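Student: here's a sequence, model it:
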Amino acid sequence: MAASTNKKVVVHRFDRASVGGYLDSAEIPGAATVSVLSPQGTLQDIPLEEIKVICFVRDINGSAPWREQRVFRSRPKTEGLWIQLEFRDGDVLQGVVTNNLLSIESGGITYTPPDPTANNQRIYAPRAALHSAKVLGVIGGQMKTKGKKDDEQRQIGLFE
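Tutor: Okay, the predicted model is just below:
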């Protein structure tokens, strides 16, 4: 049996109206409209050009991304590319995307927002909603430093 791709989402439109419900996340790439199933059971089709962001959330009735922490207060700790997105309406949001060229999506950008404890776990911004996207930094893993002590431990003792 295949795993379910239905996720809890809140779709935010440019007119600041939001629609909460369930979305088949496999439909997003290449779709002209997004179909959201409300908790009451009604299906709503939203054209992609009207969508500002699709937030994958913990709770459908949670807060909007522009009410939560929008930018990092300091350098992010999560590995990846630290990005800043500017939307058509002038809003600016920051996040972290994976540093993997194979995961680049043609229809938009999926990123992790600055606050890991917030309602929004991942956010998808369609390309049509963006004015610009900038990479602010590359956040890497811990680099191993080679010290003198490491060299001494690997050196064999010939004359002992």
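Student: by contact count, what packs against the helix or strand hosting V53?
Tutor: Assigned by DSSP states H and E, V53 belongs to strand 51-57. Packed against strand 51-57, as judged by 3 or more Cβ pairs under 8 Å, 6 or more residues apart in numbering; DSSP states H and E, are the following elements: strand 6-13, strand 120-126. From N, CA and C alone the C-beta is placed, and that goes for glycine too.
Student: just send the ones you listed back as JSON lines, with mean neighbour count and mean pLDDT too.
Tutor: Formatted as JSON lines, the helices and strands packed on strand 51-57 follow (neighbours: other Cβ atoms under 10 Å; pLDDT from 0 to 100):
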{"stretch": "strand 6-13", "mean neighbour count": "20", "mean pLDDT": "89"}
{"stretch": "strand 120-126", "mean neighbour count": "21", "mean pLDDT": "90"}
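Student: adding distance to D89, write the ones you listed out as TSV.
Tutor: Listed next are those as TSV, based on distance: least, Cβ to Cβ, whole Å:
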stretch	distance to D89
strand 6-13	11
strand 120-126	12
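Student: quick one, phi psi at the nearest residue to A32 once chain neighbours are set aside?
Tutor: Among residues not flanking A32 along the chain, L48 sits closest, at 5.9 Å (Cβ to Cβ, 6 or more residues apart in numbering). The phi/psi pair for L48 (degrees, to the nearest 10) reads phi -60, psi -30.
Student: who touches stretch 121-140?
Tutor: Applying Cβ atoms under 8 Å, 6 or more residues apart in numbering, the external contacts of stretch 121-140 come out as 14, 28, 48-49, 51-58, 65, 75-88, 90, 93-96, 99, 107-113.
Student: switch to 6 Å and redo it
Tutor: For stretch 121-140, the external contacting residues (Cβ atoms under 6 Å, 6 or more residues apart in numbering) are 48-49, 51-56, 76, 79-88, 108-111, 113.
Student: inside strands: which ones of these?
Tutor: Secondary structure assignment by DSSP state E places 51-56, 80-87, 108-111 of the contacts of stretch 121-140 in strands.
Student: could you find the residue nearest the spatial middle of the protein?
Tutor: Centroid check for the chain by Cα atoms, centre = their mean gives Y111 as the closest residue, at 1.6 Å.
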